[in-house]
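Student: Compute the structure for the input listed below.
(2 chains)
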Amino acid sequence: MKAYWLFNKDLASELRTRYAINALVMFILVTISVILFSIGQEKITEYLAGGLLWVVIFFSAMSGLSRAFVSEEERGTVMTLQLIASPNTIFSGKLLFNMILVFAMNIVIAFLYTILFDAFLIKNWSLFLLSFLLGNIGIASSSTIIAAIISKAGSKGTLYPVLSFPVMLPLILILLELTKFSMDGMQITEAYVELTVLVCYNVIITTASFLLFDFIWKD
Amino acid sequence: MNKYKLSGENVTKAFGRRLIFSNVNFSYGSSGIYGIAGFNGSGKSTLVKVILGLLSASSGKIKHLLDDKEIPSENLHDFVGFAAPYLILYDEFTASENLQHFAKIRGTELNREKTDYFLNEFLLYDRRNDYVKGYSSGMKQRLKYVFALMHSPKLVILDEPTSNLDNPGKEIAYKIIESESVTSTVILASNEENDLALCKSVIQIENFKTANQRVNTQKTGF
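Tutor: As a prediction, this is how the structure comes out:
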């Protein structure tokens, strides 16, 4: 419940300052426009369209999700937060905030993508939506812990993509594979191995994040 | 009533090879005002942060005991209150919103009677619905007192307690400090003679600093 109130504080703060939302909306619009202009009248393959979706999602996550901790560090409110909540509460609250932000952001991206790209044809929507759900959880978890790490560093902007790439690479590769499967119309049972790997990734990254956060947060 | 006790045993802090203080020992009961003094850059704020658990000691141990049981570090924030010029509250919220968020995140309901009393005492009640970004530095310092005391902490630490305050503000602060010290342990980290005059005992931080001393650290910062 304490984590919910921290999320509530962050949401109220975000709605007032638009610290992350503005950057995210602009990034999504610009990236999708650039892809549309660069494709022009060319016919792209379904797989390429599916791959580009996750490229847009990955880089949008880069531009918006680091703000959860970076904004506290930049405004100097980290100490205030440390004085009112335990590290577990702080991480849970920030994770919840990033989770909602990732879902909102990715639903908008997927919607725009579906209406703007003719080549983006999903044959098995249930497999795609399941991968989308698990993928969003993975992106939110890994982005939150990376945001906590880079908020303590000097060059935050450059460090975030550099640190995120190796951590998120397995996640993006599996999501690309699952998107391909759902474009081919494969059943959920046929993608069992990939879905299990995705669940394991989420469990490992979330557990490791909760265990490590205490060390990152102090000193 | 729960009996709180704070003790420090051979507390040493070094940043890399730079020794800040070494072997600081103290033991405070559940009430009274105690001081930490020292020249600028001597390590008063560092010692305060180590006591609050915001920084870890290089060696030695800080113990917060409640009824002779040690308070776990993850719950310490419920038992301590802190105000300092370098503490920053949320500018985008009003004073009331700030206090409300803090209470909820702590897992309690806002004690309106208590916060209204403090807001009144610190002459902020009429401005409680104004954004903190519009406050002067003195008003922000007064609001930090409300933040530090709103949850009735067992230990209140005030770093430079009269910084940014005008004379009436200082008088109010002294009055509140004295009334809080009846039920809580209050630590003042300051150089001001008037602040230190309130204290039962004062730690002179430079007495715990030995130049060029080699530091054997049991634990280094992460």
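Student: quick one: B:Val186 is in a helix?
Tutor: No - B:Val186: not assigned to a helix; according to DSSP: H, G, I helix; E, B strand; the rest coil it is strand.
Student: Who is it paired with across the strands?
Tutor: Under DSSP bridges, the beta-bridge partners of B:Val186 are B:Ile33, B:Val156.
Student: how deep is it tucked in, by neighbour count?
Tutor: For B:Val186, the neighbour count with other Cβ atoms under 10 Å in any protein chain shown is 28. (Glycine included, C-beta is placed from N, CA and C.)
Student: ok, now B:Asn164?
Tutor: Residues contacting B:Asn164 under the criterion other Cβ under 10 Å number 15.
Student: Equivalent analysis for B:Asp126, please.
Tutor: Applying other Cβ under 10 Å, we find 9 other residues in the vicinity of B:Asp126.
Student: Same question for A:Glu42.
Tutor: There are 6 residues near A:Glu42, going by other Cβ under 10 Å.
Student: Can you classify it by secondary structure?
Tutor: Going by three-state DSSP: A:Glu42 is coil.
Student: Distance check, it against A:Thr89.
Tutor: Applying Cβ to Cβ, to the nearest Å, one obtains 50 Å for the distance of A:Glu42 from A:Thr89.
Student: likewise A:Thr207?
Tutor: 17 Å.
Student: Neighbour count for these two, which is higher?
Tutor: More crowded of A:Thr207 and A:Thr89, by other Cβ under 10 Å: A:Thr89, with 22 against 11.
Student: What are the buried residues along whichever strand or helix holds that one?
Tutor: Element membership of A:Thr89 [criterion: DSSP states H and E] is helix A:87-116. Buried residues in helix A:87-116, counted by 16 or more other Cβ atoms under 10 Å in any protein chain shown: A:87, A:89-99, A:101-103, A:105-106, A:108-110, A:112-113.
Student: show me where chain A has strands.
Tutor: Assigned by DSSP state E, chain A shows no strands.
Student: how about A:His142, what does it touch?
Tutor: In this structure residue A:142 is Ser, not His. Going by Cβ atoms under 8 Å, 6 or more residues apart in numbering or on different chains, A:Ser142 touches A:Ser164, A:Val167, A:Met168, A:Leu171, A:Ile205, A:Ser209.
Student: Next, format those as JSON lines and append pLDDT and neighbour count.
Tutor: Output for the contacts of A:Ser142, formatted as JSON lines (pLDDT from 0 to 100; neighbours: other Cβ atoms under 10 Å in any protein chain shown):
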{"residue": "A:Ser164", "pLDDT": "85", "neighbour count": "23"}
{"residue": "A:Val167", "pLDDT": "91", "neighbour count": "17"}
{"residue": "A:Met168", "pLDDT": "89", "neighbour count": "23"}
{"residue": "A:Leu171", "pLDDT": "92", "neighbour count": "23"}
{"residue": "A:Ile205", "pLDDT": "93", "neighbour count": "23"}
{"residue": "A:Ser209", "pLDDT": "92", "neighbour count": "18"}
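Student: how close does the residue nearest to B:Phe102 when sequence neighbours are not counted get to B:Lys44?
Tutor: Spatially, and ignoring its direct neighbours in sequence, B:Phe102 is nearest to A:Ile84 (5.2 Å; Cβ to Cβ, 6 or more residues apart in numbering or on different chains). Distance from A:Ile84 to B:Lys44, counting by Cβ to Cβ: 23 Å.
Student: Skip the chain neighbours and tell me the closest residue to B:Met150.
Tutor: B:Thr115 (5.3 Å).
Student: do A:Phe181 as well
Tutor: A:Ala191 (4.8 Å).
Student: How far off centre is the least confident helix or strand in chain A by mean pLDDT?
Tutor: Sorted by mean pLDDT, DSSP states H and E, the helices and strands of chain A end with helix A:67-75, the least confident at a mean of 83. For helix A:67-75, the distance from its own C-alpha centre to the chain's C-alpha centre is 17 Å (Cα atoms, centre = their mean, to the nearest Å).
Student: That helix close to chain B?
Tutor: Yes - using Cβ under 8 Å from any Cβ of the partner chain, helix A:67-75 reaches chain B at A:Arg75.
Student: What are the contacting residues of that helix?
Tutor: Residues contacting helix A:67-75 (Cβ under 8 Å, 6+ apart): A:10, A:13, A:17, A:19-20, A:23, A:78, A:81, A:94, A:97-98, A:144, A:147-148, A:150-152, A:156, B:88, B:90-91.
Student: Which stretches in chain B count as strands?
Tutor: Along chain B, the segments classed as strands by DSSP E run B:4-15, B:18-28, B:32-37, B:59-66, B:69-70, B:80-83, B:155-159, B:185-189, B:201-204.
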